[in-house]
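Participant: Structure for the following, please:
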Amino acid sequence: MQDDHFTSQAPFPPDPGTRPLGVLIGFDGSDQSTRALFYASRAAQRLGSPLTVVTAFTVPSLAYADVSLTPTVPAEAAHLAAAQDLLEEAREHVRGFPGEVDLRTAQGDAAGVLVELSAQAQLAVVGARGRGGFFGRLLGSVSSALPAHAHCPSIVVPRQYEVGTDTGAARFTPRDEHTPVMVGADGSAHSRRAVRHAVVAARTRKAPLHLLMVMSSFEDWGGASMAWLPDPELLERHRGELGAQLEADATELRTQHPDLTITCEVMVAEPVSALLERTATSQLTVLGTRGHGRVASTLLGSVSQAVLQHAEGPVMVVPPPGAEGEA
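Facilitator: Purely as a prediction, here's the structure:
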């Protein structure tokens, strides 16, 4: 695991000056998108970045059998007006935000709009559920497509996120928590990028960082028979080897960030269950889009998608190399 270190010749994260949209949030007026909006506004304050609120709309192609049935207001104008009304709701929610706010509408598929704009954003935020515009089905079009294809890290905010009862500018003050930032690590290049972003998240939150590697007990260690009944000694020996490698990575990070408390752990468990359990006790869970299979398999496949569907805390998904415009 020492062949690819956590340092990079390119600026990391990407230079905020090249990401003028700052923190990007999709808003559709639902309760869940409102929670995500407050999460995004606090993230923007934490990063010292602009807040960009976007509502997307599409114009369906309709054919009318009789000219008398044609609406007096063109469909495009009606949908634009509805989107602008939603933005007015968002404007009320962020009234008093002590930073730069950009509220905009965009015509097009909601997922496509956010993915395209994410190339100009430092962070993109969505809620886990909504009412059809930006969010639709449970982790349907947008909350799956954005983490899978975004050009910047994206965060899915769960329904458990609490807006709070503060008023005025205090509503947008980042919350200091003692719970850790947890990152799924498996030694792959993708998970190393996730670790690098998790370091930034932990530092900006003044929070501890926990590296978690989950080793499935059902992996094939030496043949079909052992896939279901792995040798406990072999399993423990392999866990120890992975633990030593992960501790070496943690030591490297402690050297680079002496002010950051960093712990690490390798556990034998079912990956989805293990990660989901930790989302409830972590202020942020960070995952890469792909990995070796111990933490993430295919692009937002079995593990990462399941974690996003059922997480009890915010989950950040980090894009693969090249997606953020860096090597």
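Participant: now the stretch 101-250 of the chain, which segments are flagged as low pLDDT?
Facilitator: 129-142, 217-230 (pLDDT under 70).
Participant: how about the strands of it, start to end?
Facilitator: All strands of the stretch 101-250 of the chain, identified by DSSP state E, counting those that start in this stretch, fall at 101-107, 121-127, 154-157, 181-184, 209-215.
Participant: Name the residues that touch the last one?
Facilitator: If you take CB atoms under 8 Å, 6 or more residues apart in numbering as the criterion, strand 209-215 is touched by 180-187, 195, 198-199, 202, 235, 238-239, 242-243, 246, 249-250, 253, 260-269, 271, 274-275, 278, 282, 294-295. Yep, even glycine has a C-beta here, placed from its N, CA and C like the rest.
Participant: repeat for the fourth one
Facilitator: Strand 181-184 is touched from outside by 191, 194-195, 197-198, 201-202, 205, 207-214, 275, 278-279, 282-288, 291, 295-296, with contacts defined as CB under 8 Å, 6+ apart.
Participant: ok, back up a step: can I get the strands of the stretch 101-250 of the chain in CSV including mean neighbour count?
Facilitator: Output for the strands of the stretch 101-250 of the chain, formatted as CSV (neighbours: other CB atoms under 10 Å):
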stretch, mean neighbour count
strand 101-107, 16
strand 121-127, 28
strand 154-157, 26
strand 181-184, 28
strand 209-215, 23
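Participant: Would you format those strands as a markdown table with distance to Arg171 included?
Facilitator: Below are the strands of the stretch 101-250 of the chain laid out as a markdown table (distance: least, CB to CB, whole Å):
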| stretch | distance to Arg171 |
| --- | --- |
| strand 101-107 | 13 |
| strand 121-127 | 16 |
| strand 154-157 | 16 |
| strand 181-184 | 23 |
| strand 209-215 | 27 |
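Participant: Of all the ones you listed, which one comes closest to Thr165?
Facilitator: Closest approach to Thr165 among those (CB to CB): strand 154-157, 18.2 Å.
Participant: Pull up the pairing partners for the closest one, direction included.
Facilitator: Each strand paired with strand 154-157, and its direction, by DSSP bridges: strand 121-127 (parallel), strand 315-318 (antiparallel).
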